[in-house]
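Novice: mind folding the following:
(one chain, ligands or ions: 2)
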Amino acid sequence: MKYISTRGQAPELTFDEAMLTGLARDGGLYVPAEIPMFTSDEIAAMAGQTYEEVAFRVMKPFVGDSFDDVELRGIIDRAYAGFGHAARAPLVQLNEGHFLLELFHGPTLAFKDFAMQLIGQLFQVALKKRNERVTIVGATSGDTGSAAMEAFKGLDAVDVFILYPHGRVSEVQRRQMSTPQEANVHALAVDGDFDDCQAAVKEMFNDFEFRDGVRLAGVNSINIARVLAQVVYYFSSAVSMGAPHRKISYTVPTGNFGDIFAGFVAKQMGLPIDRLVVATNQNDILHRCLSGQGYHKGDTIPSISPSMDIQVSSNFERALYYAYGQDAGAVAQLMEELKSGGFDVSQGAMEALQEVFDSGRVSEEETLAAIKSTLASSGELLCPHSAVGVKVAEDERVSTTPMITLATAHPAKFPAAVEDASGVHPPLPPRMADLYDRSERVTRIGNDLGALKTHIKGHIAT
Ligand SMILES: Cc1ncc(COP(=O)(O)O)c(C=O)c1O
Ligand SMILES: N[C@@H](CCOP(=O)(O)O)C(=O)O
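Specialist: Ligands and ions are numbered 1, 2, ... in the order given. Predicted coordinates for the structure are as follows:
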C-alpha cells in the first residue's frame, strides 16, 4: 500500500513512512493511493468479532508490509487493553432508530484514544526497528493533546510538545495535559486560538531545516495513520447494527474533519453508509460550505464545545481531494486561496460532497437543551460535543435508516457546561479522581513561531 499527497508534489510513501512523516513535504496530506475494498462477505464476517479483531481486519490492508501480522495483532491488543469497557466502543440506544456510539471509554475519555493509543504502539515498534527518535509537535483544542501525552509519555524515542490555546480548553482538559510528570511530554499554552496552534505546527513542518533538524513527527489528524485507526469503529458499529445487509447513517460532531473523514473512508471501503452528517457548533464554516456558501474563514468564537472551535478544518483538504476527482493541482490551488481567507467550491465538487455529506449547525442554547432533553428521555448524559451531534441527528433524520451519533467525549471532561444544562455534576472516573490535586507543569508562550521553535529545540532530550 502506497500513500500519496493531496497536493501531488511529495514522494510516495509506505504506511510506516507516511505515519512517521506526518505532513507531506509539499504541505499536503497523505491519503492511500487506492482505498481498499471489502466484499459483502468480508464485512458480514466481522459481526460478532472483538473490537481488536475488527481493528486487525480493517487496518491490515492499509498497513501493508510495514508491520507483520504478529506485530500488528500485538500492537492492537496493547492499544486497547487499557480501555474501560469490554466492547471498547459500545452502542446504546437513545430512541427508536437513533443510537449513540460511546467513544469515551479510553484512558483520556475522548475518541482520540482509539487512534492515539494505536499509533503510540505503532510508533514504538517502528522507531525501535529503525533505531530512530522523533519530536512530536501537536496542536490541540483539548482532546488530541491529552490523548497524545497519555500514549507517548515516558517513551525514550519520543519528545512530545503540545500547543493548546491558553484559556480556551476545559479545566479537566488543561489538567490532563499539565499534570503528567514524565520529562518527555510538554504542555505549551499559546496566546492564540486552536487555528493559530495548528498553523504553527504546519509551518514547522514546512520549515525543512527545523523539521529535519528535530526529526519532526505529527500525531494530529495530519497523520493518515490517526485517521485510518478511526475507520475501525464505523465497521464495528455498523456490523453490530446489521451491515452489510442494512444501511446505516452517522452524525459526527465535527471540527478538524478527521473523524467524519474516517467515515468517508469506511464508505469507500464498501461499508453501506447512507449519509454522513457533519454537526458543527457556532463555528460553522463546514456547515456553511456544505450548504453551498463556499469555504470562507471567520473568527473563532469560544463555545461550550471548545474542542470543535475550529475554522480551518485540516482534513477537509482530504475530502476536497476526492470531491475534485483526485486532482492534486486543484487542491493545491484552493489551499493557496485559503491563505487569503477562503475559496468557493466548484459545482461538480460541491455535488460530489453533497452526495455523501449533510450538515447542521447547533447554537449554544440548543446544545444545552439537547443535554437536558437527552438525559430526560434516555438517561444518557452527553458531553457538549456529543450533544451537538445528537441535536443535528434528530433534525436531519428523514429516512428509516438507523442513525448512529458519535459520542466523542465523556461528560466529565466538561463538567461546568454539563451541570449548567442538566443540574448533574458528572464525576471523573475513580482512576482520575485526584486530577485536581496533581501539580501542574505548563509553559505559557506567545503566538510566535520563532519562540515556539526555540523552546522546542531547547527542550528536546538528546
Ligand atoms: C470531543 C470532540 N468532539 C469532536 C471533535 C471533532 O473531531 P474532528 O476534529 O475529527 O472533526 C473533537 C476534536 O477533534 C473533539 O475533541
Ligand atoms: N479537536 C481536536 C483538534 C485537533 O484535531 P486532530 O484530530 O487533528 O488532532 C483536539 O481535541 O485537539
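
Novice: from here on, just use CA atoms for contacts and neighbour counts.
Specialist: Will do.

Novice: how about the residues of the protein that lie near ligand 1?
Specialist: 110, 143, 253-259, 307-308, 385, 408-409 (CA under 6 Å from any ligand atom).

Novice: stretch 411-426: end-to-end distance?
Specialist: By CA to CA, to the nearest Å, the extent of stretch 411-426 from end to end equals 6 Å.

Novice: and it, which residues are buried?
Specialist: 411-419, 421-422, 425-426 (16 or more other CA atoms under 10 Å).

Novice: contact residues of this protein facing ligand 2?
Specialist: 140, 141, 142, 143, 144, 145, 220, 221, 256, 258, 307, 308.

Novice: out of those, which one sits closest to residue 451?
Specialist: Among the residues of the chain next to ligand 2, residue 140 lies closest to residue 451 (CA to CA), at 18.2 Å.

Novice: and the closest one, how many neighbours?
Specialist: 22 (other CA atoms under 10 Å).

Novice: could I get the buried residues of stretch 411-426 as TSV with distance to residue 183?
Specialist: Below are the buried residues of stretch 411-426 laid out as TSV (distance: CA to CA, whole Å):
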residue	distance to residue 183
411	29
412	27
413	24
414	27
415	29
416	31
417	33
418	33
419	35
421	38
422	39
425	33
426	31
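
Novice: mind giving me CSV with those and columns for secondary structure?
Specialist: Output for those, formatted as CSV (DSSP: H, G, I helix; E, B strand; the rest coil):
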residue, secondary structure
411, helix
412, helix
413, helix
414, coil
415, helix
416, helix
417, helix
418, helix
419, helix
421, helix
422, helix
425, coil
426, coil
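
Novice: list the contacts for the residue nearest to residue 44 when sequence neighbours are not counted?
Specialist: Excluding the flanking residues, the one nearest residue 44 by CA to CA, 6 or more residues apart in numbering is residue 244, at 6.0 Å. Neighbour list for residue 244: 40, 43, 44, 238, 271, 272 [criterion: CA atoms under 8 Å, 6 or more residues apart in numbering].

Novice: weed out the non-buried ones from those.
Specialist: Here, 16+ other CA under 10 Å leaves 43, 44, 238, 271, 272 buried among these.

Novice: tell me which two of the residues you listed sit farthest apart.
Specialist: Among those, 44 and 272 lie farthest apart (CA to CA), at 11.3 Å.

Novice: spit out the residues that contact the two alike.
Specialist: 243, 244.

Novice: return the set of buried residues in the longest helix seen in the chain.
Specialist: For the chain, the longest helix by residue count, based on DSSP state H, is helix 112-130. Using 16+ other CA under 10 Å as the test for burial, helix 112-130 gives 112-127.

Novice: just stretch 82-100 next, same as before
Specialist: For stretch 82-100, by 16+ other CA under 10 Å, it's 83, 88, 89, 90, 91, 94, 98, 99, 100.

Novice: can I get that stretch in PDB, CA atoms only?
Specialist: Extracted C-alpha coordinates of stretch 82-100, given in PDB (Å, rounded to 0.1, in the frame of the first residue of the first chain):
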ATOM      1  CA  GLY A  82      -6.500  -0.100  29.000                       C
ATOM      2  CA  PHE A  83     -10.000   0.800  27.800                       C
ATOM      3  CA  GLY A  84     -12.700   0.900  30.500                       C
ATOM      4  CA  HIS A  85     -15.300  -1.000  28.500                       C
ATOM      5  CA  ALA A  86     -15.100  -4.600  27.300                       C
ATOM      6  CA  ALA A  87     -16.700  -3.600  24.000                       C
ATOM      7  CA  ARG A  88     -14.300  -0.700  23.600                       C
ATOM      8  CA  ALA A  89     -16.900   1.300  21.600                       C
ATOM      9  CA  PRO A  90     -20.300   0.300  22.900                       C
ATOM     10  CA  LEU A  91     -23.600   1.300  21.200                       C
ATOM     11  CA  VAL A  92     -26.500   2.500  23.300                       C
ATOM     12  CA  GLN A  93     -30.000   3.200  22.000                       C
ATOM     13  CA  LEU A  94     -31.300   6.800  22.500                       C
ATOM     14  CA  ASN A  95     -34.700   6.300  20.900                       C
ATOM     15  CA  GLU A  96     -36.300   4.400  18.000                       C
ATOM     16  CA  GLY A  97     -33.700   4.300  15.200                       C
ATOM     17  CA  HIS A  98     -31.200   6.600  16.900                       C
ATOM     18  CA  PHE A  99     -28.100   5.100  18.600                       C
ATOM     19  CA  LEU A 100     -25.100   6.600  20.400                       C
END
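
Novice: what sits up against that stretch?
Specialist: Residues from elsewhere that reach stretch 82-100 (CA under 8 Å, 6+ apart): 50-51, 80, 101-107, 233, 237, 374, 377-378, 380, 400-407.

Novice: which stretches in the stretch 101-250 of the chain count as strands?
Specialist: 134-139, 158-165, 185-190, 216-217, 248-253 (DSSP state E, counting those that start in this stretch).

Novice: how about those in CSV, adding mean pLDDT and distance to residue 364?
Specialist: Below are the strands of the stretch 101-250 of the chain laid out as CSV (pLDDT from 0 to 100; distance: least, CA to CA, whole Å):
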stretch, mean pLDDT, distance to residue 364
strand 134-139, 98, 24
strand 158-165, 98, 20
strand 185-190, 98, 25
strand 216-217, 98, 36
strand 248-253, 98, 14
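
Novice: make CSV from the ones you listed and add mean neighbour count to it.
Specialist: Converted to CSV, the strands of the stretch 101-250 of the chain look like this (neighbours: other CA atoms under 10 Å):
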stretch, mean neighbour count
strand 134-139, 24
strand 158-165, 27
strand 185-190, 25
strand 216-217, 25
strand 248-253, 28
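
Novice: kindly reformat those as TSV containing distance to residue 206.
Specialist: Shown next, in TSV, are those (distance: least, CA to CA, whole Å):
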stretch	distance to residue 206
strand 134-139	13
strand 158-165	17
strand 185-190	20
strand 216-217	10
strand 248-253	29
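
Novice: these: which one's closest to residue 456?
Specialist: strand 158-165 (7.2 Å).

Novice: report the distance from the closest one to the chain centre.
Specialist: With CA atoms, centre = their mean, to the nearest Å as the basis, strand 158-165 stands 16 Å off its chain's centre.

Novice: next: stretch 263-275.
Specialist: Worked out by CA atoms, centre = their mean, stretch 263-275 lies 17 Å from the chain centre.

Novice: buried residues, that stretch. List them.
Specialist: Buried-residue list, stretch 263-275, by 16+ other CA under 10 Å: 263, 264, 265, 266, 267, 269, 270, 271, 272, 273, 274, 275.
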